[in-house]
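Generate a structure from the sequence data that follows.
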Amino acid sequence: MSRAHVAVLKVISKQMSVAGAAVECGYSRQHLHRLVARYKAGGLDAVEPRSRRPRSSPHATEDKIRDFIIRTRLELTAAGWDAGPVTIAWHLEQAGLHVPSTSTIRRILHAAALVTPEPRKRPRSSYRRFEAAQPNECWQSDFTHWALAGGGDPEIINWLDDHSCYLHGCSARAPVTGTVVVDTFLQAGNACGLPASTLTDNGRACTARSGGGRNAFECLIAALGITRKNDKPSRPQTQGKVERFHQTQKRWLARQPPVATLPDLQRQLVAFREHRNEHRPNRAVRRSTPGQAYRALPRASSATAPRSHYRLRYDHVDAGGKVSIRHAGRMHHLGIGTAHRGTEILAITDTARVTVIPLRTGKVLSNHDIDPDRGYWRNKQRSPGRWPGPTVT
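Next up, the predicted model:
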């Protein structure tokens, strides 16, 4: 029997006065009089404590908003996308609905048991975040592993814009080599324009500086006038954007049907790139999509490499001091010089010129103007060791 029942019954049975029962049971006389009145009107059940919940809540979240929040959370999670309060708020805004605060959205998710507690993490405020001022000012790149259903462990290389988090390219290769880095970089550059700088790790596919030389990627961006930056050893935070991006990419892939071949995996990556760039808000770019953020400002570019289209060819200088390339369906010969016979080279072709770089040194070896009417293109290098830059027509 509750304390309220005891006090009321002692008064009703006239064992004690209201004042005495109130003192003994710890109530005020006014409250005990209210309890006695409730007893006379409805019996002992009416004496039980009543809810203090207001009869109406004008500021309560509407049922359709609550249902939309829960449904969106389930749909995004099932598809492998981030589904936090900020993302859900963006979807509410896109649907033309009232957008409650992120705290309200978080409480609704907790009440629906849709939040899995995680260990405490290092607070975001403890990190020093950097963001490039313009699109194409800096591209971050890294690759990660993804297992195929039929066996095999291919790697996925990604090129991410530092300013907008726009995904310029993602390719599945087995494995990622220096040639793959160059090819995927130029594919992204031909589609979106070349960046002013790149930021990669110190893997052999991206840099050969640990061995005292240059690899193909280093030779290429040096010739294009692009600034090369590498993170510090054991400091993945330097490439924080692309490292965090891998988590999003893998979470999405884990929700897709398992694939057994590289082409099938690549098709999934194409769908992922399109949806992430154009249909998914990104908290890092103020809840706009990466595509919107990428197109909002003028693009940066390197000082010597205006937007053009580039093709690469790896070859060796033959015994006669020449290198052969195909242009417009016809074979042409580049005069390099017999002193360089046997040298492994990288030929960079833009719209009007072919530049030849030896992979060992990375310095420009020769320049050749494209002349479709001639089969032999002489060395037109005007300043030894420097590339005059691509020509855009």
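
ok, now which ones touch the residue lying closest to Asp318 once chain neighbours are set aside?
Spatial nearest neighbour of Asp318, excluding adjacent residues (C-beta to C-beta, 6 or more residues apart in numbering): Arg341 at 6.8 Å. In this view, the C-beta of every residue, glycine as well, is placed from N, C-alpha and C. Neighbour list for Arg341: Val317, Asp318, Ala319, Gly320, Gly321 [criterion: C-beta atoms under 8 Å, 6 or more residues apart in numbering].

any idea how far Arg341 is from Val317?
For Arg341, the distance to Val317 equals 5 Å [C-beta to C-beta, to the nearest Å].

repeat for Asn158
To Val317, Asn158 is 35 Å away according to C-beta to C-beta.

What of Asp183?
22 Å.

Over to Cys219?
Cys219 is 15 Å from Val317, by C-beta to C-beta.

Over to Ser164?
42 Å.

what's the answer for Ala79, then?
52 Å.

More neighbours: the two, which one.
The residue with more neighbours, out of Ala79 and Val317, is Val317; 23 against 13, by other C-beta atoms under 10 Å.

Next one, pLDDT for that one please.
pLDDT recorded at Val317 is 93.

so His85 sits right up against Arg106, yeah?
Careful, residue 85 is Pro and not His. Yes: counting by C-beta atoms under 8 Å, Pro85 touches Arg106, with 4.9 Å between them.

So those two - more neighbours on which side?
Remark: of Pro85 and Arg106, Pro85 carries more neighbours, 20 against 16, as counted by other C-beta under 10 Å.

Gln187 versus the more buried one, what's the distance?
With distances taken as C-beta to C-beta, Pro85 is found 36 Å from Gln187.

next one: Phe272
17 Å.

chain center to the lowest-mean-pLDDT helix or strand in the chain: distance?
Lowest on mean pLDDT, DSSP states H and E among the helices and strands of the chain sits helix 216-223, with a mean of 83. In terms of C-alpha atoms, centre = their mean, to the nearest Å, the gap separating the centre of helix 216-223 from the centre of its chain is 26 Å.

Give the other helices and strands that the helix or strand following that helix contacts.
For helix 216-223, the following helix or strand on the C-terminal side (DSSP states H and E) is strand 227-230. Packing partners of strand 227-230 (3 or more C-beta pairs under 8 Å, 6 or more residues apart in numbering; DSSP states H and E): strand 197-200, helix 216-223.

Could you find the closest non-adjacent residue to Leu74?
Leu114 (7.4 Å).

Kindly confirm whether my reading is correct that that neighbour touches Thr72.
No: the pair Leu114 / Thr72 is not scored as a contact, 10.6 Å apart, by C-beta under 8 Å.

Helix, strand, or coil at Leu334?
Using DSSP: H, G, I helix; E, B strand; the rest coil, the structure places Leu334 in strand.

Model confidence for it, exactly?
93.

so who does it touch?
For Leu334, the contacting residues are Lys322, Val323, Ser324, Ile325, Ala347, Val354, Val356, Ser366, His368, Trp377, Asn379, by C-beta under 8 Å, 6+ apart.

Make JSON lines out of those and add pLDDT.
Putting the contacts of Leu334 into JSON lines (pLDDT from 0 to 100) gives the following:
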{"residue": "Lys322", "pLDDT": "92"}
{"residue": "Val323", "pLDDT": "93"}
{"residue": "Ser324", "pLDDT": "92"}
{"residue": "Ile325", "pLDDT": "91"}
{"residue": "Ala347", "pLDDT": "88"}
{"residue": "Val354", "pLDDT": "90"}
{"residue": "Val356", "pLDDT": "89"}
{"residue": "Ser366", "pLDDT": "88"}
{"residue": "His368", "pLDDT": "91"}
{"residue": "Trp377", "pLDDT": "91"}
{"residue": "Asn379", "pLDDT": "87"}
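
counting contacts, what elements does the helix or strand harbouring Asn277 pack onto?
Per DSSP H and E: Asn277 is located in helix 262-279. Judged by 3+ C-beta pairs under 8 Å, 6+ apart, helix 262-279 is in contact with strand 167-173, helix 240-254, helix 290-295.

Could you export the second one as CSV, CA atoms only?
Output for helix 240-254, consisting of C-alpha atoms alone and laid out as CSV, is shown next (Å, rounded to 0.1, in the frame of the first residue of the first chain):
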residue,chain,number,x,y,z
GLY,A,240,42.0,12.5,-43.7
LYS,A,241,39.3,13.1,-46.4
VAL,A,242,40.2,10.2,-48.6
GLU,A,243,40.8,7.9,-45.6
ARG,A,244,37.4,8.7,-44.2
PHE,A,245,36.0,8.3,-47.7
HIS,A,246,37.1,4.7,-47.8
GLN,A,247,34.8,4.0,-44.9
THR,A,248,31.8,5.4,-46.8
GLN,A,249,32.8,3.5,-49.9
LYS,A,250,33.2,0.1,-48.2
ARG,A,251,30.0,0.5,-46.2
TRP,A,252,28.1,1.0,-49.4
LEU,A,253,29.8,-1.9,-51.2
ALA,A,254,29.1,-4.2,-48.3
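
Identify each buried residue in that helix, please.
Residues Gly240, Lys241, Val242, Glu243, Phe245, His246, Thr248, Gln249, Trp252, Leu253 are the ones in helix 240-254 that count as buried (16 or more other C-beta atoms under 10 Å).

Domain ranges for the protein, per the record?
For the chain, automatic domain parsing gives the domain ranges 3-47, 63-111, 139-295, 311-377.

Would you point to the one among those domains that's packed deepest?
The highest mean neighbour count among the domains of the chain, using mean count of other C-beta atoms under 10 Å, belongs to domain 139-295: a mean of 18.

before we move on, what SS does His368 have?
strand.

OK, contacts around the closest residue in space to it that isn't next to it in sequence?
Leaving aside its chain neighbours, His368 sits nearest to Trp377 (4.0 Å; criterion: C-beta to C-beta, 6+ apart). Residues in contact with Trp377 (C-beta under 8 Å, 6+ apart) are His332, His333, Leu334, Gly335, Val354, His368, Asp369, Ile370, Asp371.

Contact partners for the first one?
His332 makes contact with Ser324, Ile325, Arg326, Arg374, Gly375, Tyr376, Trp377 under the criterion C-beta under 8 Å, 6+ apart.
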